[in-house]
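Q: Please find the sequence and the predicted model below.
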Amino acid sequence: MTEPHQLTTPQGRRIAYHFTKGQGPCVVFLGGFKSDMTGTKAVYLQDWAEATGRAFLRLDYSGHGVSSGDFLDGAIGDWLEDALAVIGAVTSGPLVLVGSSMGGWISLLVALAIPARIAGLVGIAAAPDFTEDSMWADFTDAQRAEIMNKGQIALPSEYSDAPYVITRRLINEGRNRLVLRTALTLNFPTRLLQGTDDIDVPPSVALRLLDHATGGDIRLTLVKGADHRFSTPACLSLITDAIADVLKATN
């Protein structure tokens, strides 16, 4: 695989990305919390884009993958800035955003920032507002006091022996990025994919997003037995089917 390109954002962060030229609208994959652009879904979509001649962009947020920075220094707004900087520098014309988990939140924020460029959106176990509605809401009083007083807290991870370290800045900055407190206007085809066995982002989150979203052709597909990874062959096929459905709706 070729080495990624590098872009320095206006904030001075060096962001790694892969961009494949092809037919528009360009599909932009935005990954999840602590994930990177070499993950199963990102690489699968890269292969799909190359096979179908579709323009495609994937990237590592700062503190993720091979981009610069320390993960613990980052927050939702930083990763939104990273995505917008790369999108603005290397793509043109309409976009179909594909956001996985936290990337679903980032995708919604990108859509709000540059609405004229958004042709469609696919959310995969999208996790809008998770810093507030999942992390902070689930903390005990003792954990809330610890993160506010010490600046961070370590939580066990089901995906790694190393804990998830959650910072006070992640929580506080995320409160400036919440999208599910008012109606969320999505004036473009939107397809949400959600596994029923997802314990990290449960189906109730997808239903809440569906309830808040207005303005477009918005559909939710619940996949019985699928977990948060959403990376089985059948699930991966559903992702490209959803993208194809969005692209068809844009014609």
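A: That came in fine, so what should we check first?

Q: give me the low-pLDDT residue ranges for the chain?
A: 1, 159 (pLDDT under 70).

Q: Can you tell me which residue sits nearest the middle of it?
A: In the chain, the C-alpha nearest the mean C-alpha coordinate belongs to residue 103, at 0.6 Å (CA atoms, centre = their mean).

Q: contacting residues for the residue nearest to it when sequence neighbours are not counted?
A: Spatial nearest neighbour of residue 103, excluding adjacent residues (CB to CB, 6 or more residues apart in numbering): residue 30 at 3.5 Å. Heads up, the C-betas are built off the backbone N, CA and C, glycines and all. Counting by CB atoms under 8 Å, 6 or more residues apart in numbering, residue 30 touches 59, 83, 97-100, 103-104, 106-107, 110.

Q: Which elements pack onto the strand or helix carrying the residue nearest to the centre of the chain?
A: Element membership of residue 103, judged by DSSP states H and E, is helix 102-113. In terms of contacts (3 or more CB pairs under 8 Å, 6 or more residues apart in numbering; DSSP states H and E), helix 102-113 is packed against strand 23-30, helix 76-90, strand 95-100, strand 118-124.

Q: The residue nearest to residue 29 when sequence neighbours are not counted: which element?
A: Of all residues not flanking residue 29 in the chain, residue 58 sits nearest, at 4.5 Å (CB to CB, 6+ apart). Counting by DSSP H and E, the element that carries residue 58 is strand 54-59.

Q: ok, which stretches of this protein are helices?
A: Secondary structure of the chain (DSSP state H): helices at 40-52, 76-90, 102-113, 130, 137-138, 141-150, 168-174, 203-212, 233-250.

Q: right, so those: which one is the most enclosed?
A: Most buried of those by mean neighbour count (mean count of other CB atoms under 10 Å) is helix 102-113; its value is a mean of 24.
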